[in-house]
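Engineer: This is the structure alone, sequence omitted:
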């Protein structure tokens with residue numbers, strides 16, 4: 001029997017074996033990036049992913065040779081959802097997002113912290129809490145969130161803007177053999193500013209829509225957030241379909257297929273940036289960087305400490321010299337700040353933290 005990964009995505013093309021190069025442009029600067037692609041994988045620390053015994057040879061060896069390896073990139077919390085929420089909004093963990101919000105409950109706001117953070121409990125933020133998607137729309141820029149497997153089982157979630165019923169248990173918490181979408185890896189649906197808008201159904205879509213969109217620059221969004229399913233992001237080991245090993249092996253195969261498709265697209269080749277990282281380190285490593293703030297809703301974002309552990313990140317772009325290595329500390333708030341800087345947007349939440357660094361000349365050609 002053909003493994004599910006190949007049954008799902010090989011018909012889209014033969015790019016699995018492709019090794020399209022990313023040719024750097026020495027005359028340009030990183031602020032010329034106009035198309036961003038973000039792929040988030042699951043639950044692996046830096047030493048496992050990028051160490052000498054890694055099983056993810058494509059991610060750990062091949063891709064850094066074509067772009068930049070950020071060796072001091074950290075998650076901001078544990079377990080999953082709080083990291084994803086931080087990536088698009090700068091919101092820190094709540095006790096509920098720290099536990100992946102088994103109940104898709106509204107965030108009940110009881111006040112505002114001195115730094116502007118909303119005080120309260122819950123998961124789905126009120127409409128006044130903005131995301132980078134809202135910022136992009138306000139600037140007449142385009143965004144897409146591509147979610148693998150979303151809608152394969154309509155009884156669990158819709159195939160566009162798919163999320164659990166508000167204030168009910170999350171039936172997508174665990175994979176099934178036929179549907180491995182997880183709302184907790186789709187941060188956009190945790191904001192009323194997104195799900196209450198008609199643009200949610202237009203922009204939070206199945207991963208199958210990505211490759212057709214990449215065919216032309218005009219159909220490629222400025223900002224693209226890509227979440228593999230619970231098998232291909234490395235979360236499950238083995239996968240619920242009974243066919244694939246899961247973990248880093250399946251994540252690496254996902255990248256072998258999709259990275260060449262993205263990097264050979266007209267938009268990426270002209271002015272693109274692809275970032276690949278993880279949500280957190282698997283072992284509840286509480287290490288952090290960048291003077292990560294705590295509170296106002298939980299004192300220990302990393303469960304037993306301040307952060308989500310050292311995870312690393314790989315960046316590819318025509319504006320990055322192949323083989324670049326950076327030891328500048330970054331985290332998910334830094335990543336959000338970097339994306340906002342590229343599109344000339346204000347900084348949300350803890351992306352506005354004083355002294356926080358965005359990706360700079362340590363990463364991009366200058």
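Structural biologist: Thanks, I have the structure now. Computed from a predicted model, the values in this text were never measured in an experiment. Numbers count the residues shown, from 1 in each chain.

Engineer: Look through this protein and tell me its longest helix.
Structural biologist: Secondary structure assigned by DSSP state H gives helix 247-263 as the longest helix of the chain.

Engineer: what about the following helix or strand past that one, average pLDDT?
Structural biologist: For helix 247-263, the following helix or strand on the C-terminal side (DSSP states H and E) is helix 266-271. This predicted structure assigns helix 266-271 an average pLDDT of 98.

Engineer: One more: stretch 194-214?
Structural biologist: Across stretch 194-214, pLDDT averages out at 97.

Engineer: Give me the contacts around stretch 103-117.
Structural biologist: For stretch 103-117, contacts defined as CB atoms under 8 Å, 6 or more residues apart in numbering pick out 91-92, 94, 96, 118-126, 129, 163-170, 183, 293, 295-297, 349-350. (C-beta placed from N, C-alpha, C; glycine too.)

Engineer: Of those, which count as buried by neighbour count?
Structural biologist: Buried members of the contacts of stretch 103-117, counted by 16 or more other CB atoms under 10 Å: 91-92, 94, 96, 118, 120-126, 129, 163-164, 170, 183, 293, 296-297, 349-350.

Engineer: Just those: which are in helices?
Structural biologist: Using DSSP H, no member of the buried ones among the contacts of stretch 103-117 sits in helices.

Engineer: if I look at residue 67, how far off is residue 341?
Structural biologist: Separation of residue 67 from residue 341 (CB to CB, to the nearest Å) stands at 19 Å.

Engineer: got a list of what residue 293 touches?
Structural biologist: 92, 115, 350, 353.

Engineer: Helix or strand for the residue nearest to residue 288 when sequence neighbours are not counted, just tell me which one.
Structural biologist: What sits nearest to residue 288 in space, not counting adjacent residues and going by CB to CB, 6 or more residues apart in numbering, is residue 307, at 2.5 Å. In the assignment (DSSP H and E), residue 307 maps to no helix and no strand.

Engineer: what does residue 276 give?
Structural biologist: Using DSSP H and E, residue 276 falls within strand 272-278.

Engineer: Which neighbouring elements make contact with that strand?
Structural biologist: With contacts defined as 3 or more CB pairs under 8 Å, 6 or more residues apart in numbering; DSSP states H and E, the packing partners of strand 272-278 are strand 35-41, helix 247-263, strand 313-316, helix 332-342.

Engineer: Turn these into CSV, columns for distance to residue 51.
Structural biologist: Rendered in CSV, the data for the helices and strands packed on strand 272-278 read as follows (distance: least, CB to CB, whole Å):
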stretch, distance to residue 51
strand 35-41, 16
helix 247-263, 11
strand 313-316, 14
helix 332-342, 22
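
Engineer: Same list (these) but as CSV, adding mean pLDDT and distance to residue 278.
Structural biologist: Conversion of these to CSV gives the following (pLDDT from 0 to 100; distance: least, CB to CB, whole Å):
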stretch, mean pLDDT, distance to residue 278
strand 35-41, 98, 5
helix 247-263, 98, 9
strand 313-316, 98, 8
helix 332-342, 98, 10
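
Engineer: mind checking which of those is nearest residue 63?
Structural biologist: Proximity of the helices and strands packed on strand 272-278 to residue 63 was assessed by CB to CB; the nearest stretch is strand 313-316, lying at 4.9 Å.

Engineer: give me the number of residues near the residue nearest to residue 288?
Structural biologist: As a burial measure, residue 307 scores 27 neighbours (other CB atoms under 10 Å).

Engineer: for the one 3 residues further on, same thing?
Structural biologist: Per other CB under 10 Å, the neighbour tally for residue 310 reads 22.

Engineer: Please report phi then psi for it.
Structural biologist: Here the main-chain torsion angles of residue 310 (degrees, to the nearest 10) amount to phi -80, psi 120.

Engineer: List the residues that contact the residue lying closest to it once chain neighbours are set aside.
Structural biologist: Once its chain neighbours are removed from consideration, residue 310 has its nearest residue in residue 46; the separation is 4.5 Å (CB to CB, 6+ apart). For residue 46, the residues meeting the contact criterion (CB under 8 Å, 6+ apart) are 71, 73, 281, 310, 311, 312.

Engineer: And for residue 164?
Structural biologist: Taking CB under 8 Å, 6+ apart, we find residue 164 in contact with 104, 157, 170, 171, 172, 183.

Engineer: Also residue 223?
Structural biologist: If you count contacts by CB under 8 Å, 6+ apart, residue 223 has them with 36, 38, 132, 133, 136, 141, 142, 143, 144, 339, 343.

Engineer: secondary structure class for residue 359?
Structural biologist: At residue 359, secondary structure determined by DSSP: H, G, I helix; E, B strand; the rest coil is coil.

Engineer: Verify the stated contact: it with residue 338.
Structural biologist: Yes - with contact defined as CB atoms under 8 Å, residue 359 counts as touching residue 338 (4.3 Å).

Engineer: Of these two, which one has the most company?
Structural biologist: Comparing residue 359 with residue 338 by other CB under 10 Å, the one with more neighbours is residue 359, at 26 against 23.

Engineer: First-to-last residue distance for stretch 169-187?
Structural biologist: Terminal residues of stretch 169-187 are spaced 17 Å apart (CA to CA, to the nearest Å).

Engineer: coming back round to it: going by how many neighbours each has, rank residue 67 and residue 341 and give me the top one.
Structural biologist: More neighbours surround residue 67 than the other of residue 67 and residue 341, with 23 against 17 (other CB under 10 Å).

Engineer: now the helices for the stretch 51-200 of the chain?
Structural biologist: Defined through DSSP state H, counting those that start in this stretch, the helices belonging to the stretch 51-200 of the chain, from first to last, are 57, 63-66, 81-89, 132-138, 192-195, 199-203.
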